[in-house]
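Colleague: With the sequence up front, the predicted model follows.
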Amino acid sequence: MDEVSFAARVASAMFERDRAAVFAGVSVEEVRFGYARCAMTVREEMLNGHDVCHGGFVFLLADTAFAYACNSRNDTHVALNCAISFTAASRAGDALSAVAEERTRGRRTGTYDVTVYGPTGDVVALFRGTSYGLGSNVIRS
């Protein structure tokens, strides 16, 4: 099985159990080893008191892409540390996409950068996550 097919199989197994992503309407668009692209449309109930998308939902999208990238090889990883910088506001109806890319991968930890894009390709947020391997597999035999 090639890298893309294997990573897609892992993502499918994760998504079956990913209630948070399903709740937020996140879709996993593309995965390969160390990479994931996810999408989400901002809904009315995601808006804060300033009538823009609550940062927690943008973080959720970025964190989801991070999770699918760092678990793409079937090694279970969880977040050890994450930071986000918001660069633009999103509004109801905006289609957001998050692209996660592996920067480093060691025996137990990895570093991933995630860029969240707005509907016109503008950068909405920059996210960096450090993953920690648990020594188990995503696909349970």
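Modeller: Arrived safely.
Colleague: for the helix or strand where residue 9 lies, packing partners?
Modeller: For residue 9, the host element (DSSP states H and E) is helix 3-17. Where contact means 3 or more C-beta pairs under 8 Å, 6 or more residues apart in numbering; DSSP states H and E, helix 3-17 is packed against strand 27-32, helix 55-70. All C-beta spots, glycine's among them, are computed from the backbone N, C-alpha and C.
Colleague: and if we set it to 7 Å?
Modeller: strand 27-32 (3 or more C-beta pairs under 7 Å, 6 or more residues apart in numbering; DSSP states H and E).
Colleague: can you pull the buried residues of the strand it packs on?
Modeller: Under the neighbour-count criterion of 16 or more other C-beta atoms under 10 Å, strand 27-32 has 28, 30, 31, 32 buried.
Colleague: Now do the contacts for the last one.
Modeller: The neighbours of residue 32, taking C-beta atoms under 7 Å, 6 or more residues apart in numbering as the test, are 3, 4, 7, 72.
Colleague: again, only this time at 10 Å
Modeller: 2, 3, 4, 5, 6, 7, 8, 11, 69, 72, 73, 102 (C-beta atoms under 10 Å, 6 or more residues apart in numbering).
Colleague: Write a PyMOL command that selects only the buried members of those residues.
Modeller: Remark: buried members of the contacts of residue 32, expressed as a PyMOL selection using 16+ other C-beta under 10 Å:
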select buried, resi 6+7+8+11+69+72+73+102
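Colleague: Quick check: the gap between residue 22 and residue 116.
Modeller: 19 Å (C-beta to C-beta, to the nearest Å).
Colleague: ugh, wrong one, I meant residue 32
Modeller: 19 Å.
Colleague: ok, now residue 49?
Modeller: 21 Å.
Colleague: Please say which of those two ends up with more neighbours.
Modeller: residue 116 (27 against 6; other C-beta atoms under 10 Å).
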